[in-house]
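Enquirer: Fold the following for me, if possible:
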Amino acid sequence: MAIDFEAQTEDGEHPELAEAEAASGINITPLIDVLLVLLVMLIITIPVHFHAVNLELPNSGPAPETAPPPVVRIEISATQQVLWNGELLASRQDLEARLSGAAQLSSPPEIHIHAAATAKYDGVAAVMSAAQRLGLQKIGVVGLDEYALP
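Expert: Model prediction:
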């Protein structure tokens, strides 16, 4: 590139020198980049302070052991006879009287219903609905493996 020494602008200056004077400022963009990196590093390295509050918490002892609720075994035979823990009940009224008495206990028992494989569904459903109606909540039907399908 050759410089033309005879070319001049309107104010009598050389055109390339006029451009050089306009760009003579300091470029501070790299300086700002370095300062931002240093600021990020400073923020990362500052330890985080956790505020602790000293409290005196109550000591809890071991949970009291609760005895399992008593279990009442109600058996329904194929002939619709109802047995209460092995004792034959004469009628549905006897069953309801015993269920009502069991529901009034401070710790109501669990009712386990054992139905024979050939027992009718309405007999089992009647026992379950009577127990529920009288306020017993833990009612279960016990399945026997001997009646399970292979």
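Enquirer: which stretches of this structure have low pLDDT?
Expert: The model of the chain has pLDDT under 70 over residues 1-24, 144-150.
Enquirer: now the strands for it?
Expert: Ranges of strands in the chain, per DSSP state E, are 71-76, 82-84, 87-88, 110-115, 139-141.
Enquirer: The closest residue to residue 71 other than its chain neighbours: what's it in contact with?
Expert: Excluding the flanking residues, the one nearest residue 71 by CB to CB, 6 or more residues apart in numbering is residue 110, at 5.0 Å. C-betas here are computed from N, CA, C, even on glycine. By CB atoms under 8 Å, 6 or more residues apart in numbering, the residues touching residue 110 are 69-72, 138-140.
Enquirer: Nearest to the spatial middle of this structure, which residue is it?
Expert: With distances taken as CA atoms, centre = their mean, the chain has residue 63 as the residue nearest its mean C-alpha position (23.1 Å).
Enquirer: In TSV, list the strands of the chain along with distance to residue 122.
Expert: Converted to TSV, the strands of the chain look like this (distance: least, CB to CB, whole Å):
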stretch	distance to residue 122
strand 71-76	10
strand 82-84	13
strand 87-88	19
strand 110-115	11
strand 139-141	14
